[in-house]
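Student: Sharing a sequence plus its predicted fold:
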2 protein chains.
Amino acid sequence: MDLYPKPVQKLIQSFSRLPGIGKKTAERLTLHLLHAKKNEAETLAKDLLELRKKIQLCSNCFALSENDKCTICSDQSRDATLICVVENPSDMNAIEKAHAFSGLYHVLGGALSPIDGIGPDELRIKELILRVKQNGIKEVIIATSTNVEGESTASYISEKLKNIKVTRIASGIPIGGDLKFVDQLTMQKAIRGRYGL
Amino acid sequence: MDLYPKPVQKLIQSFSRLPGIGKKTAERLTLHLLHAKKNEAETLAKDLLELRKKIQLCSNCFALSENDKCTICSDQSRDATLICVVENPSDMNAIEKAHAFSGLYHVLGGALSPIDGIGPDELRIKELILRVKQNGIKEVIIATSTNVEGESTASYISEKLKNIKVTRIASGIPIGGDLKFVDQLTMQKAIRGRYGL
C-alpha cells in the first residue's frame, strides 16, 4: 500500500473504515474513481457532505427526514391510530416496500442489548409510551428483529404497554422457502403459529 | 428506496455507481455513515476531493504520483536500466509488495482489447519505445496479465522491441496451490516452463 501516493492511501483508508469494505475493495474503489469520469468522485463527496447537513430525525417517529416531520407522519391518509415499532430506518423501509401497512412508525434506534450497554434508556421507549398515551393509539405492532435482542425488546415494550393492544409480526417459513432448509426454531414458530384454512 | 429522504437516496445512488457496490450495500454504507462519528463522512468527502486535485501521472513511468516524478522514478538506488511493464498502478503495487524487483516501471494504462476499442494508440506503448531508445535500457520485463488481452499486449510489445532483451514473467502453479485445482492451461505452462534442480 505504501507505494501509492498519500492522497490515494488516505482515500483507501477512509473507504476501508466503512463496514464490509476491506483493504482490497477500498483499493479497487479508489483506483476506479481515479479513472472514472471527472465528476464521479466530486458527486460522491458532495452527497456525503449534504447527508449530515440535511438529514434529521422526525420529531414524531424518529425516522430519517428532511423536515421536522417525516413524509409518513405528515401523510394525512395514513392511519394515525396504528403504530409499528421498528429498530432502524432500514426496517421501516423493508415494511413500506411490502405495501401491507398503512399506519405510522416508531423507530427505537436499536434493540435492548445489555452486553453492548444498550438498556431501555438508550432506546426511544419512553417516547413511544408517551406517544401511545397522548395520541389515542389503538394498536402497537412490534416489528423488532426475531433474534434474542429483538425478542427481548418486544417483551419489554409489551409489558410497558399493558393497557393497549400490542401485537408481534408473525414468524414462520419464508415464502418460497424450502422446508428442509428451515431451522428448528423457525419451524417451531411456524407450527405453533399455524392458522385455519 | 423512495421512503428515504432525498439526500439519503442521493448518497445511496452515488455509492451504488461504484463497481461491485449494489443497492443493498450502498444502503448499508449510507445508514452507517448517518450513525457513525460525525467526521467519518466528512473525512471521506475530503479525501475524495483531494484525490483528483493532488494525484497526477508520473511523467516518466505514468504511475500515480503527487509530483512530476513518482517515488520510484526519483529513487536513485533503483536500477534504471531495467523496466517492468504493467497494465495498471495496482499491478505495480502487487510487484512492489513482493520485493523482488529493483528496476523502474512503465504503466501502459490497460491492455490491448480491440473489442473494447483499445488499440496500441490507446496504451502508452509509443512512450515505452521512446523510453527504451533514449535511456539505455538493458531489459524489459513484461508483466501484463496472463489473460488473452495481457498476452497479446505482451507479444505486440516484444515485436516492437526487437533490438533489446524482452522477458515475460513466469506462469505456473501458485505457491501453496493444490495441483488438483490447477486448470489445464496453467498446468501446461508449468510443465513447459519447468526448470532444472
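Tutor: Perfect, thanks for sending it. Numbering: from 1, shown residues only, chains lettered A, B, ... in the order given.

Student: longest single strand anywhere in chain A?
Tutor: Of all segments of type strand in chain A, defined using DSSP state E, the longest is strand A:79-86.

Student: count of neighbours near the nearest residue to A:Gly103 once chain neighbours are set aside?
Tutor: Closest residue to A:Gly103 apart from its sequence neighbours, by Cβ to Cβ, 6 or more residues apart in numbering or on different chains: A:Leu82 at 2.9 Å. (Glycine included, C-beta is placed from N, CA and C.) For A:Leu82, the count of nearby residues is 17 (other Cβ atoms under 10 Å in any protein chain shown).

Student: ok, now A:Lys10?
Tutor: 20.

Student: Could you verify my assumption that it touches B:Glu50?
Tutor: Yes. A:Lys10 is in contact with B:Glu50 according to Cβ atoms under 8 Å; the separation is 7.2 Å.

Student: For A:Thr146, which residues are in contact?
Tutor: Taking Cβ atoms under 8 Å, 6 or more residues apart in numbering or on different chains, we find A:Thr146 in contact with A:Ser171.

Student: Kindly provide the distance from it to A:Leu34.
Tutor: From A:Thr146 across to A:Leu34, the span is 43 Å (Cβ to Cβ, to the nearest Å).

Student: so how many other residues sit close to A:Gly176?
Tutor: Look at A:Gly176: counted by other Cβ under 10 Å, it has 5 neighbours.

Student: quick check: domain ranges of chain A?
Tutor: Domains of chain A are assigned by automatic domain parsing as A:6-54, A:69-170+A:180-191.

Student: Turn these into a markdown table, including mean pLDDT.
Tutor: A markdown table is the format used below for the domains of chain A (pLDDT from 0 to 100):
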| stretch | mean pLDDT |
| --- | --- |
| domain A:6-54 | 88 |
| domain A:69-170+A:180-191 | 91 |
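
Student: what's A:Ile141 sitting at in phi/psi?
Tutor: Dihedral pair for A:Ile141: phi -100, psi 120, per degrees, to the nearest 10.

Student: mind checking how far stretch A:70-81 is from the chain centre?
Tutor: 19 Å (Cα atoms, centre = their mean, to the nearest Å).

Student: coming back round to it: looking at the domains of chain A, which one is packed in the most?
Tutor: When the domains of chain A are scored by mean count of other Cβ atoms under 10 Å in any protein chain shown, the highest mean neighbour count falls to domain A:6-54 (a mean of 18).

Student: Okay, helices next: where are they in chain A?
Tutor: Counting by DSSP state H, chain A has helices at residues A:6-16, A:23-35, A:38-54, A:89-97, A:125-134, A:148-160, A:184-192.

Student: Any chance of a markdown table for those helices, columns distance to B:Cys73?
Tutor: Output for the helices of chain A, formatted as a markdown table (distance: least, Cβ to Cβ, whole Å):
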| stretch | distance to B:Cys73 |
| --- | --- |
| helix A:6-16 | 16 |
| helix A:23-35 | 18 |
| helix A:38-54 | 26 |
| helix A:89-97 | 48 |
| helix A:125-134 | 61 |
| helix A:148-160 | 55 |
| helix A:184-192 | 61 |
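
Student: Please dump those helices into a markdown table; it should also carry distance to chain B for every row.
Tutor: Below are these laid out as a markdown table (distance: least, Cβ to the nearest Cβ, whole Å):
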| stretch | distance to chain B |
| --- | --- |
| helix A:6-16 | 4 |
| helix A:23-35 | 5 |
| helix A:38-54 | 4 |
| helix A:89-97 | 5 |
| helix A:125-134 | 18 |
| helix A:148-160 | 16 |
| helix A:184-192 | 22 |
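
Student: so which of those comes closest to B:Ala63?
Tutor: helix A:6-16 (10.6 Å; Cβ to Cβ).

Student: so what secondary structure elements neighbour the closest one?
Tutor: Identification of packing neighbours for helix A:6-16 by 3 or more Cβ pairs under 8 Å, 6 or more residues apart in numbering or on different chains; DSSP states H and E yields helix A:23-35, helix B:38-54.

Student: Identify whichever of those helices lies nearest to A:Ser14.
Tutor: helix B:38-54 (4.4 Å).

Student: just the CA coordinates of the closest one, formatted as CSV?
Tutor: The C-alpha trace of helix B:38-54 is given here as CSV (Å, rounded to 0.1, in the frame of the first residue of the first chain):
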residue,chain,number,x,y,z
LYS,B,38,-19.5,13.0,13.0
ASN,B,39,-16.4,13.4,11.0
GLU,B,40,-16.4,10.0,9.2
ALA,B,41,-18.5,11.2,6.2
GLU,B,42,-16.6,14.5,6.2
THR,B,43,-13.2,12.8,6.1
LEU,B,44,-14.3,10.5,3.3
ALA,B,45,-15.6,13.5,1.3
LYS,B,46,-12.4,15.5,1.9
ASP,B,47,-10.3,12.5,0.8
LEU,B,48,-12.4,12.1,-2.4
LEU,B,49,-12.0,15.8,-3.3
GLU,B,50,-8.2,15.7,-2.7
LEU,B,51,-7.7,12.6,-4.7
ARG,B,52,-8.3,14.3,-8.1
LYS,B,53,-6.7,17.5,-7.1
LYS,B,54,-3.4,16.1,-5.9
